[in-house]
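K.L.:
Got a sequence here, can you model it:
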Amino acid sequence: MKIKEKLGYANGNFGKQLLFGTLEFTLLFYLTDILGVNPLLSGIIIFLSLVLDALLDPVIGAWIERHKVRYGTYIFIGSIAYSLSFIALFSLAILGWNWVPVLCLVLAVIRASYTLIDVPHNAFISKLFADGDERTQVSAYRFFFSCIASMTVALAVTPILSGDTTQDEARNFFHFALIAGFLSFLSLSLVSKVAINHEVIPSRERNSQGFKEYFSNLLILLRENKPFQLLLGVFFLTGACSPALAKGMTYFAKYYLSEESLSGLFLASIIAGQMLSLPLWVKMSARFEKKVALKSGHALLFLSSGLFFILAENSTILLILAFLAGVANGAIYMLIWSLLADVVDFQHYHSKIRNEAIVFAFSIMIMKVGLGVGSVILGWILDVIGYNPGEKISEQVTSNMALFICLITAVGSLLCYMILSKYRIDRKMQKKMARAIKTYR
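P.N.:
I've put the predicted structure just below:
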């Protein structure tokens, strides 16, 4: 594949992350402070939408593997629904609607359409790129585009929250949603074109297989593939714990530091760290092992989140620590996908069965369950410590808020580090598996 086509494929992360990142960074705040929904109920709403999303992942993965339809077709259809439902979500505050069933319905459409895009897009990396180092390179391209999208969101946060009233902020959210939805559609349309050009579709032999066989293969994977089991634990913790620091930035800046304008700067510092660290992690992965680089990322996030709480009074130091957290995220969110592609090879090598969409779909499902659990935990913590949107927050509440946000992140990274210590697929094994797999064709 030519470099421009690799970039065309990788740019899909911009389209996905521009909307997903907006939800990840601001949805809880939007529900609590703009729509006025109770913090715990907001966390439950987000959790339920992510559970639905997660349950759809393996179903859509099995459907894609079973039917001989171009991946790009799914991505194009999904991109239309994804953009329109995203715009609809941020129009609710303009319309004055905060009825829970409506919120749940709109979020369900957003999550379902995202899954229809995400599963085939992620499965590309295993199907199109056989070499482990090439997978890391393409993962870096993808993550770079994700960083651009996240930086766009981070830079937009300050002007969005600059309104004099809640209604002004609601209008700002809506205007941003219109622009972001359009840009997302353009980005994903390009991906669908690349996919269709490369005819990335399941083989004829698989077309006759049914859902029962695919889920049977998934159960075999869960029972016999030890590297897959370990990575699923990392995927869950990455969803549940790693984003907590970034999610809490808006609350942290507004209530702990009483400087709402810093929320955008904190997020921008994280994204800048992610972008600038990509060459470091690619080089480190090539010189050592991907597992070593990913463990280093989690160790750095553990350290920076701990220091973030200890040194919470100094905004300049906090910006530096946010940058370091971003450097850590550069490894965490890039390398995990390259490792998962190696797990697909591990399955193929040992069983001569290859189901990229199922493996990636189930892993994405686990990460989304983690995201949902993390949202519930964060919403529950805000509720328990006495946070009430729109009311004056005491010093004790803000201190507890900062403590738990940092603690969730640190504990998650520590557990990921411990799990990855048991992961055994290295470069030598990956190349051995790739050579053997070529003889199966």
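
K.L.:
which regions of this protein lie under the pLDDT threshold?
P.N.:
Filtered on pLDDT under 70, the chain yields the residue ranges 1, 65-69, 126-132, 198-215, 217-218, 221, 260, 357, 389-391, 441.

K.L.:
Have a look at it and report its longest helix.
P.N.:
As assigned by DSSP state H, the longest helix anywhere in the chain is helix 315-351.

K.L.:
Can you mark which positions in that helix are buried?
P.N.:
Using 16 or more other C-beta atoms under 10 Å as the test for burial, helix 315-351 gives 318-319, 321-349. All C-beta spots, glycine's among them, are computed from the backbone N, C-alpha and C.

K.L.:
what's the answer for stretch 269-285, then?
P.N.:
By neighbour count with 16+ other C-beta under 10 Å, stretch 269-285 contains the buried residues 269-275, 277-278, 281-282, 284-285.

K.L.:
ok, now stretch 181-194?
P.N.:
For stretch 181-194, by 16+ other C-beta under 10 Å, it's 181, 183-185, 187-192, 194.

K.L.:
Count the residues that sit near residue 385.
P.N.:
A count of neighbours around residue 385, defined by other C-beta atoms under 10 Å, yields 18.

K.L.:
OK, contacts around it?
P.N.:
The neighbours of residue 385, taking C-beta atoms under 8 Å, 6 or more residues apart in numbering as the test, are 397, 400-401, 404.

K.L.:
neighbour-wise, which of those leads?
P.N.:
residue 401 (22 neighbours).

K.L.:
Tell me which other helices or strands the helix or strand encompassing that residue touches.
P.N.:
Taking DSSP states H and E as the criterion, residue 401 maps to helix 395-420. If you count contacts as 3 or more C-beta pairs under 8 Å, 6 or more residues apart in numbering; DSSP states H and E, helix 395-420 packs onto helix 226-240, helix 244-247, helix 290-310, helix 315-351, helix 356-384.

K.L.:
Of the ones you listed, which is nearest residue 258?
P.N.:
helix 315-351 (10.5 Å; C-beta to C-beta).

K.L.:
hey, C-alpha coordinates of stretch 386-397 in PDB?
P.N.:
The C-alpha trace of stretch 386-397 is given here as PDB (Å, rounded to 0.1, in the frame of the first residue of the first chain):
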ATOM      1  CA  GLY A 386     -21.300  16.100  47.400                       C
ATOM      2  CA  TYR A 387     -20.900  17.700  44.000                       C
ATOM      3  CA  ASN A 388     -24.000  19.600  42.800                       C
ATOM      4  CA  PRO A 389     -23.900  21.300  39.400                       C
ATOM      5  CA  GLY A 390     -24.400  25.100  39.600                       C
ATOM      6  CA  GLU A 391     -23.900  25.300  43.400                       C
ATOM      7  CA  LYS A 392     -20.900  26.600  45.300                       C
ATOM      8  CA  ILE A 393     -18.400  23.800  45.800                       C
ATOM      9  CA  SER A 394     -16.600  23.500  49.200                       C
ATOM     10  CA  GLU A 395     -12.800  23.100  49.400                       C
ATOM     11  CA  GLN A 396     -13.200  19.600  50.800                       C
ATOM     12  CA  VAL A 397     -15.300  18.500  47.800                       C
END
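
K.L.:
next one: it to chain centre, how far?
P.N.:
29 Å (C-alpha atoms, centre = their mean, to the nearest Å).

K.L.:
what's next to that stretch, contact-wise?
P.N.:
With contacts defined as C-beta under 8 Å, 6+ apart, stretch 386-397 is touched by 32-33, 36, 39, 251, 255, 385, 401.

K.L.:
Reformat those residues as JSON lines; add distance to residue 223.
P.N.:
Below are those laid out as JSON lines (distance: C-beta to C-beta, whole Å):
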{"residue": "32", "distance to residue 223": "42"}
{"residue": "33", "distance to residue 223": "45"}
{"residue": "36", "distance to residue 223": "47"}
{"residue": "39", "distance to residue 223": "39"}
{"residue": "251", "distance to residue 223": "42"}
{"residue": "255", "distance to residue 223": "47"}
{"residue": "385", "distance to residue 223": "41"}
{"residue": "401", "distance to residue 223": "41"}
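
K.L.:
when you check those residues against the helices, which ones overlap?
P.N.:
Within those, residues falling in helices by DSSP H are 39, 251, 401.
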